[in-house]
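[1] give me the fold of what follows.
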Amino acid sequence: MADTDATLLAGKGDTNTAGGKPEGQAAAGTVVPDAAAQAAAAEKAAADQVAADKAAADAAAASPDAKAAAEKAAAEKLAADEKAKADAIPEKYEFKLPEGVKLDETLNGKFAAQAKELGLNQAKAQKLVDLYVEQQGSLATAQEQHLATMRDGWRKELLADPKSAELLGEAKKALSLASTEEKALFEGTWLGDHPAAVRFLAKVGRLLKEAPVIEGNATGKGSSVSVAKSLYPNQN
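    Numbers count the residues shown, from 1 in each chain. Coordinates of the predicted model:
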């Protein structure tokens, strides 16, 4: 009895007075519920990992044909998506032009409106613009070639004239009195090669040399014939 009192007084080995076992201790042969749930979860996680590893291994060990088929399918899908995007009618067409070529806003708008009406995608609409630019370039080249051929014929006609040197000298005499703009009209364009234009200038140069202009005096009298009157005798 003395030992029991000493134990209780010392506070050692507190017991459950109802069952005679320490508080919190489970009965022999039972499992704590929380520990069982944790063990089950751990086992499931391990099983899932094993399954995932097996699936990865199976995929890695797939036959070359299966892998090639999967890659082909992915590439075909990507191509189909790109084609669908390219075939779409854009909200706004962006036309690319060669360097130095421009479309005015009106013409650009007409191309865009026509392309949208026809349901053309960007690539097809661009082909229309490319064709237009090509045709315009061909037309300009043809016109330049035609003019060059024509000017060459005019030059040959003038040089075939026995008095060509005299004609050109007299024409230059007339141009020596012309303004910069007037000279550019003959020297910077095809007009300077036209036989009729050169002969006209030569006539003016000859008249300037043979019949100098004398301005009238205050009474409006003058004895010399004016160049204008010599050139156009029938005009009042």
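
[2] mean confidence score for stretch 81-98?
    Averaged across stretch 81-98, the pLDDT comes to 81.

[3] could you do stretch 51-65 as well?
    Here the average pLDDT along stretch 51-65 is 71.

[4] where does the chain have low pLDDT?
    Along the chain, the model assigns pLDDT under 70 to residues 1-34, 56-57, 59-63, 80, 84, 86, 211-236.

[5] make it 80
    Counting by pLDDT under 80, the chain has low-confidence residues at 1-38, 41, 52-88, 210-236.

[6] show the contacting residues for the residue most central in space within it.
    Residue closest to the average C-alpha location in the chain (CA atoms, centre = their mean): K96, at 4.4 Å. K96 makes contact with 126, 129 under the criterion CB atoms under 8 Å, 6 or more residues apart in numbering. In short, each C-beta sits where N, CA and C put it, glycine included.

[7] same thing but at 7 Å, please
    Neighbouring residues of K96 by CB atoms under 7 Å, 6 or more residues apart in numbering: Q126.

[8] for it, helix, strand, or coil?
    Here K96 is recorded as coil under DSSP: H, G, I helix; E, B strand; the rest coil.

[9] also the one 3 residues further on?
    Local secondary structure at E99 is given as coil here, using three-state DSSP.

[10] any idea how far L103 is from K96?
    11 Å (CB to CB, to the nearest Å).

[11] regarding the chain, what is its longest helix?
    Ranked by residue count and defined by DSSP state H, the top helix of the chain is helix 122-160.

[12] and that one, how far from the chain's centre?
    Centre-to-centre, helix 122-160 and its host chain are 26 Å apart (CA atoms, centre = their mean, to the nearest Å).

[13] ditto for stretch 173-189
    With CA atoms, centre = their mean, you get 44 Å for stretch 173-189.

[14] residues in contact with it?
    By CB under 7 Å, 6+ apart, the residues outside stretch 173-189 that reach it are 191-192, 197, 201, 204-205, 208-209.

[15] out of the residues you listed, which are buried?
    192, 197, 201, 204-205, 208 (16 or more other CB atoms under 10 Å).

[16] now, which of these lie within helices?
    Applying DSSP H to these, the entries found in helices are 197, 201, 204-205, 208.
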